[in-house]
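Asks: What follows is a protein structure lacking sequence information:
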């Protein structure tokens, strides 16, 4: 690597320095827009005691479901357990600590983490179990809960295109949590479908500026679909 | 006759006005999209980062990068826009969505809603529901009037962990259209052929009936 060239040759170097007990953010919503190869590499490395911040935890046999299978996650911070039976049973049995966080609050906590804002007030969750033990305050007659920012040792994200300097473009709803997580990782690793030379992307079209991105790797993606729904007329 | 799931959706669709930005939750709320009249222009929001949800795709148009909040493959409408989860919940929390329709396990006469977990039994997570009920000014809950055991889901006080407090003002069930204010359910419309007594017998919370309660018009 030289100058702003952030491209790494393999998954080992993409995850160099990733060790037990770290906090890691993983982009994606369901199985859409997840860094598939980076997730696989962490599974292969067997890193444990992780605090994992991700909206969902994959399904039983794909995505973060792999980390659950190997019990690599100590604490999971996310908004939706949903269709993942192993996640639900690890949570109910207390084997894994789960901090369920409203989806918008989760997104904002990550955004705040990357933007240097330590905490913010939101009406979301007031009067519910989510607000237990948290400071509340009234503004203009409405109650708000103080939520603190989230940061991570590593942010593992997925983008569609990158240039070699780490400028990123996402595609459709595969964007989701990836842009905020890119800003909140001490080391942000972007797994992308294509890398183009620096200068080949329109500066007006870039979603995540390269300043947030430390390493880029080209991945191969299965892009598994959770609910394949088709039009009845089709 | 109590309404079918489709008929509940059909009744709710009548509340959608031309030019509305609407968020539909999973379950009965999703069905509402099928009953929006063609002369009513609506932009449907998907909280994973899309305004302008279109129909389900044909087999050759399936795109794994394009899903709704229920993880179903979808298409986009003309004028659609993609954005991040932070932007998505910015527009939700900021009160920019004109109408939100969501499901629930329980609603009580204070306007509290419980929809995300049954302790010790079922953990789904709240997803975006807590943000939606906190941010939206116009919310309709779509649900069955009673659960599978025949127990009312319209209560004096919710028994399950809450999703939001004092935020629900309208509920459409298979039996009735109800408004919530001043600590009571107010019966606004009855499902066709369903009596006030029947609704009263299936409502555990305080039910206020004023004058003649009309039958629902579905379309």
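Replies: Yep, that arrived. Bear in mind the structure is a predicted one, so any value in this text is a computation, not a measurement.

Asks: Can you name the element that comes right after the longest helix along chain A?
Replies: With secondary structure taken from DSSP state H, chain A has its longest helix at helix A:103-115. Next along the chain after helix A:103-115, taking DSSP states H and E as the criterion, comes strand A:119-122.

Asks: what comes up buried for that following strand?
Replies: Buried residues in strand A:119-122, counted by 16 or more other Cβ atoms under 10 Å in any protein chain shown: A:120, A:121, A:122. To be clear about C-beta, it is placed using only N, CA and C from the backbone, and glycine gets the same treatment.

Asks: Redo the residues you listed as TSV? Include pLDDT and distance to residue B:55.
Replies: Output for those, formatted as TSV (pLDDT from 0 to 100; distance: Cβ to Cβ, whole Å):
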residue	pLDDT	distance to residue B:55
A:120	98	37
A:121	98	39
A:122	98	34
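
Asks: Which one of the residues you listed is nearest to residue A:150?
Replies: Closest approach between the buried residues of strand A:119-122 and residue A:150, by Cβ to Cβ: residue A:120, at 11.6 Å.

Asks: What count of nearby residues applies to the closest residue to chain B within chain A?
Replies: Taking Cβ to the nearest Cβ as the measure, the point where chain A comes nearest chain B is residue A:104, at 2.8 Å. When counting by other Cβ atoms under 10 Å in any protein chain shown, one arrives at 29 neighbours for residue A:104.

Asks: So it is in contact with residue B:128, correct?
Replies: Yes - counting by Cβ atoms under 8 Å, residue B:128 is a contact partner of residue A:104 at 6.1 Å.

Asks: what touches both of these two?
Replies: B:47, B:89, B:92 (Cβ atoms under 8 Å, 6 or more residues apart in numbering or on different chains).

Asks: what sits against the nearest residue to residue B:198 once chain neighbours are set aside?
Replies: Leaving out its chain neighbours, the residue that sits closest to residue B:198 by Cβ to Cβ, 6 or more residues apart in numbering or on different chains is residue B:175, at 7.1 Å. Residue B:175 makes contacts with B:2, B:3, B:145, B:190, B:191, B:194, B:198, B:199, B:202, as judged by Cβ under 8 Å, 6+ apart.

Asks: Just put the shared contacts of residue A:104 and residue B:128 in a markdown table and tack on neighbour count and pLDDT.
Replies: Output for the shared contacts of residue A:104 and residue B:128, formatted as a markdown table (neighbours: other Cβ atoms under 10 Å in any protein chain shown; pLDDT from 0 to 100):
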| residue | neighbour count | pLDDT |
| --- | --- | --- |
| B:47 | 25 | 96 |
| B:89 | 26 | 98 |
| B:92 | 24 | 97 |
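
Asks: Enumerate every residue touching residue B:64.
Replies: Applying Cβ under 8 Å, 6+ apart to residue B:64 gives the contacts A:31, A:32, A:174, A:223, A:224, A:225, B:73.

Asks: Could you verify that it is part of a strand?
Replies: No - read with DSSP: H, G, I helix; E, B strand; the rest coil, residue B:64 is coil and lies in no strand.

Asks: Look up how far residue B:54 lies from it.
Replies: 16 Å (Cβ to Cβ, to the nearest Å).

Asks: Same check on residue B:120?
Replies: Counting by Cβ to Cβ - residue B:120 and residue B:54 are separated by 40 Å.

Asks: Compare these two and say which is more crowded by neighbours.
Replies: residue B:54 (18 against 7).

Asks: Burial check on the closest residue to residue B:119 other than its chain neighbours, number of neighbours?
Replies: The spatial neighbour of residue B:119 that comes closest, neighbours along the chain excluded (Cβ to Cβ, 6+ apart), is residue B:161 at 6.8 Å. Per other Cβ under 10 Å, the neighbour tally for residue B:161 reads 16.

Asks: Is residue B:161 in contact with residue B:122, as I believe?
Replies: No - the criterion here is Cβ under 8 Å, and residue B:161 misses it with residue B:122 at 11.2 Å.

Asks: Phi, psi for residue B:28 please.
Replies: Note on residue B:28: its backbone torsions stand at phi -50, psi -40 [degrees, to the nearest 10].

Asks: Pull out the buried members of the contacts of residue B:175.
Replies: For the contacts of residue B:175, a burial check counting by 16+ other Cβ under 10 Å picks out B:2, B:3, B:145, B:190, B:191, B:194, B:198, B:199, B:202.

Asks: Go through these and flag which are in helices.
Replies: Per DSSP H, the buried ones among the contacts of residue B:175 map to helices at B:198, B:199.

Asks: In strands, which of the buried ones among the contacts of residue B:175 appear?
Replies: Using DSSP state E, the members of the buried ones among the contacts of residue B:175 that fall in strands are residue B:190.

Asks: Check chain B for the residue nearest chain A and tell me.
Replies: Using Cβ to the nearest Cβ, the single residue of chain B nearest to chain A is residue B:89, 2.8 Å away.

Asks: Can you verify that residue is assigned to a helix?
Replies: Yes - under three-state DSSP, residue B:89 falls within a helix.

Asks: residue ranges for the helices of the chain, please.
Replies: Reading this off chain A. Counting by DSSP H, the helices of chain A are A:11-14, A:36-45, A:65-69, A:85-92, A:103-115, A:178-184.

Asks: meant chain B, my bad for not saying
Replies: B:5-13, B:28-31, B:85-93, B:129-135, B:196-201.

Asks: Could you pull up the residues touching the closest residue in space to residue A:30 that isn't next to it in sequence?
Replies: Closest residue in space to residue A:30, ignoring its immediate chain neighbours: residue B:71 at 4.2 Å, by Cβ to Cβ, 6+ apart. Counting by Cβ under 8 Å, 6+ apart, residue B:71 makes contact with A:29, A:30, A:31, A:32, A:83, A:226, A:227.

Asks: shaky segments in chain A?
Replies: A:1-2, A:233-234 (pLDDT under 70).

Asks: Mean neighbour count, the helices of chain A: which tops it?
Replies: Neighbour counts (mean count of other Cβ atoms under 10 Å in any protein chain shown) averaged over each of those peak at helix A:178-184, with a mean of 28.

Asks: ok, and what's touching that helix?
Replies: For helix A:178-184, the surrounding residues in contact (Cβ under 8 Å, 6+ apart) are A:25-28, A:33, A:53, A:107, A:110-111, A:113-115, A:149-152, A:155-159, A:168, A:170, A:188, A:190, A:207-208, A:212-213, B:84-86.

Asks: isn't residue B:85 right up against residue A:56?
Replies: No - between residue B:85 and residue A:56 there is no contact under Cβ under 8 Å: 11.8 Å.

Asks: joint contacts of the two?
Replies: In terms of Cβ under 8 Å, 6+ apart, residue B:85 and residue A:56 are both contacted by the residues residue A:29.

Asks: picking that back up, relative to residue A:87, how far out is the residue nearest to residue B:198?
Replies: According to Cβ to Cβ, residue B:175 and residue A:87 sit 36 Å apart.
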